[in-house]
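Colleague: Give me the fold of what follows.
(chains A and B)
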Amino acid sequence: MANTVGCIDKCSDQPQERLSGIFDKLRILSAAARYDVSCASSGSSRKSAPGSLGNVAASGICHSWAADGRCISLLKVLFTNYCTYDCAYCLNRRSNDVERAAFTPEELAELTISFYRRNYIEGLFLSSGVLGNPDYTMELLIRSVRLLREVHRFGGYIHLKAIPGADPALLFEAGTLVDRMSINLELPSQSSLQLLAPDKSKEQILLPMTRIRDWHREHNPQQNRQPLLTSQKAISGPMQPCKPAAAGLNFVPGGQSTQMIIGASPEDDRHILTLSESLYKKMQLKRVYYSAYIPVNHDNRLPEPPQPPLLREHRLYQADWLLRFYRFSVDELFENGPPSLDTDFDPKIMWALRHPEVFPVDVNRADFGLLLRVPGLGMISAQRIVRARRVGKLSYDDLVKLGVVLKRARFFLIAPGSASGDLGLDPQLLRRRLLANEPGVIKPKQLSLNDFPGFQPEIWKEAVTGQF
Amino acid sequence: MNILRYDGSFYGLICVMAPYLKRRQLPDGIERENSRQPLLFALEEEKSAPVTDLSADLACDPQAFRLPGVSQESWQNVWHAFLSEAPGIELAMARYLLLAIEKRAGIDSFMADERVRLIQRLARKVTFERHRFMGLLRFRSIGDNLYYAAISSDNFILPILAPFFVERLADQKWIIHDRKREVAAMYDMRAWTIIERAAADLPADSPEEGATQQLWQCFFDSIAVRERLNLALQQKFIPKKYWQDLIEKPGQ
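Modeller: Down below sits the predicted model:
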């Protein structure tokens, strides 16, 4: 691939033979994993076992940011990019002629540890192409993870991709070793899946997802609080699925997540978000990731957009947040409107413009849930408002002091001293006023006399000097 | 004029401040011992007037910390704000604590009050930078199971950053060196301490260090999606001032 050239320069010219091997593997297998979106190290929390390496911070920690502006938290690699599947959108599909490589479990564990000890990473994100068959691949992944946990006594974060079609017993065993598991949904509908990923089926993806959810429920009575490394001796033999929870046994304390590709298939935003909503509710997923489709293969089944649909991806993430944290439902968001998200405004403004009857919201009276619905007010601002108004009435100036960003919110709030009501909440007018706020639309500048039509410099001179 | 002097530590500061706060008074000024910049209006002869010197009664009463009305949250805020080392932080802390004593109730809800706002803002700044360095700090191997990291943080975050690594990297020895303040935190697998006047020269790397660093750079480069290149966003997350101590090279 042409776009790994920069890396080849850095990774070549290694003196030792053994090293150059691992360099190539890392280069190939991290480049192959880069289209996996998830990099979160959150959702789980674990104290380190006394005197051993690694813990998990509940908030997640970003260790660096790559040139595309995305956070690097985990060592994100494929175990191997050999693959027996032939999914249309995938770089590593069987029919592609790309450099192939595979780690050994030992190499991978050592690499993870040496990065972790230098605080480069929060842990490991391990995915893989399907090598031979799903079970064999899953076994290799488990061996790598087990090595980390039991030999290196590694207590950091591990995110493991479950291989669709692998044996449930293997899936369970993997889940007891890692913090989070995910199975990629890949595409937002069964028909697209059939067309673009003929080797995968909806059942093959949803069934293990359901299993993981049930095991997770069963084995995490008090979520997230137990140390993963409890006993010194290694657990031997394969684990039996659905056994009653053993002491200290923890099944994916960080829950599961999934990912789907946006823009490779014809589904609209409403369809996608409805799917996410049901995944959050029924599958109890922690996150759904959206990945703007980037054409890496030429395939007549696939569209070839000139630019990846990054704005659409961004809007979907914003709407996703509204679902998870702001108590919105998909039906509410798209009520009396088209099934796609507004490109000019974030989904909350989109909703607000369709519901002028809710606004303006009284800062001193509205309940927390309503405050959350005000465009421009985030979780933290809403919390601060609720807390601060307990000890005194809040004025508009107080809001500024609380650190509330009023650029958008001021149109939707009333507080003593605010200038609201001057224009009312006519959606058309508001739309224009909000747009004027956006950077790049109208840039304010210092007026100059030259800007006036019919301006004559001589007259200006006369006016200044007083000579006629 | 009542000008208090303290030894530069948080503990020392609270000790000299507490008697005033308990009497609901504000001192006119608080300054560090051997502070380079004397207070502007403190004339020489006035300085000899009531100056409370900590070294006079070093054995400060732990009861000093029991100020009625100051909640745990408020203590945490003044502690974090203190680490910002902002000029005049001592008096700002005194005002904040005095307000807490007068109000007798969680003053952190009074977020629009200037005294509270200042302390909370500084505290947030400090904890934010600490969180940043939990990620951006880079250790290099300088010996057998011995690691070294250099930081130059805006705030004095070592005292609250080190415990994080004590928990996380418990089975290796490490040094975190604050190059700006020439202070280092050292951990020897049993306990950690802060050492003042730490030398500024970089220790030599162990032999395998170079290869690991190159592996990291290689990963850093190849994980970026070229079609989505966004260096401005990258720089927003890692401001340039932190680049010098990183292993990877942002901005390429």
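
Colleague: State the mean pLDDT of stretch B:211-221.
Modeller: For stretch B:211-221, the mean per-residue pLDDT is 94.

Colleague: Can you name the residues that contact the residue of chain A found nearest chain B?
Modeller: Per Cβ to the nearest Cβ, A:G69 is where chain A lies closest to chain B, at 3.0 Å. Just so you know, the C-beta spots here come from the backbone N, C-alpha and C atoms, and that holds for glycine as well. Taking Cβ atoms under 8 Å, 6 or more residues apart in numbering or on different chains, we find A:G69 in contact with B:R228, B:N230, B:L231, B:A232, B:L233, B:Q234, B:K236, B:F237.

Colleague: Which residue is the nearest non-sequential neighbour of the second one?
Modeller: Read that as B:N230. A:G69 (3.8 Å; Cβ to Cβ, 6 or more residues apart in numbering or on different chains).

Colleague: where exactly do the strands run in the chain?
Modeller: All of this refers to chain A. A:64-65, A:71-72, A:74-78, A:123-127, A:157-161, A:180-182, A:256-262, A:287-292, A:361-362, A:413-414 (DSSP state E).

Colleague: You answered for a different chain; I wanted chain B.
Modeller: For chain B, the strands defined by DSSP E cover B:3-6, B:29-32, B:51-53, B:140-143, B:146-151, B:173-178, B:183-187, B:192-196.

Colleague: and the stretch 51-200 of chain A, which residues reach chain B?
Modeller: By the rule Cβ under 8 Å from any Cβ of the partner chain, the part of the stretch 51-200 of chain A lying against chain B is A:51-55, A:57, A:59, A:61-73, A:75-76, A:111, A:114-115, A:117-120, A:122, A:153.

Colleague: From those, list the buried ones, please.
Modeller: A:52-55, A:57, A:61-73, A:75-76, A:111, A:114-115, A:117-120, A:122, A:153 (16 or more other Cβ atoms under 10 Å in any protein chain shown).

Colleague: Just the ones of those residues in helices?
Modeller: When helices are assigned by DSSP state H, the members of these inside them are A:L111, A:S114, A:F115, A:R117.

Colleague: Pull the most distant pair out of the residues you listed.
Modeller: By the measure Cβ to Cβ, A:L111 and A:R117 form the most distant pair in these, at 11.2 Å.

Colleague: residues in contact with the residue of chain B found nearest chain A?
Modeller: In chain B, the residue that lies nearest chain A is B:L233 (3.0 Å; Cβ to the nearest Cβ). Going by Cβ under 8 Å, 6+ apart, B:L233 touches A:W65, A:D68, A:G69.

Colleague: Could you check the pLDDT of the second one?
Modeller: When you say that, I think you mean A:D68. pLDDT at A:D68 comes out at 90.

Colleague: Please name the nearest non-neighbouring residue to it.
Modeller: Using Cβ to Cβ, 6+ apart and skipping the chain neighbours, the partner closest in space to A:D68 is B:R228 (4.2 Å).

Colleague: quick one: the one you found and A:A162, what's the gap?
Modeller: 26 Å (Cβ to Cβ, to the nearest Å).

Colleague: you'd agree B:N230 is up against A:A67?
Modeller: Yes: counting by Cβ atoms under 8 Å, A:A67 is a contact partner of B:N230 at 7.5 Å.

Colleague: quick revisit: so can I have TSV of the strands of chain A showing mean pLDDT?
Modeller: Below are these laid out as TSV (pLDDT from 0 to 100):
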stretch	mean pLDDT
strand A:64-65	94
strand A:71-72	93
strand A:74-78	94
strand A:123-127	94
strand A:157-161	94
strand A:180-182	93
strand A:256-262	91
strand A:287-292	91
strand A:361-362	90
strand A:413-414	87
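
Colleague: Minimum distance to A:E99: which of those has it?
Modeller: Comparing the strands of chain A against A:E99 with Cβ to Cβ, the closest turns out to be strand A:74-78 (12.2 Å).
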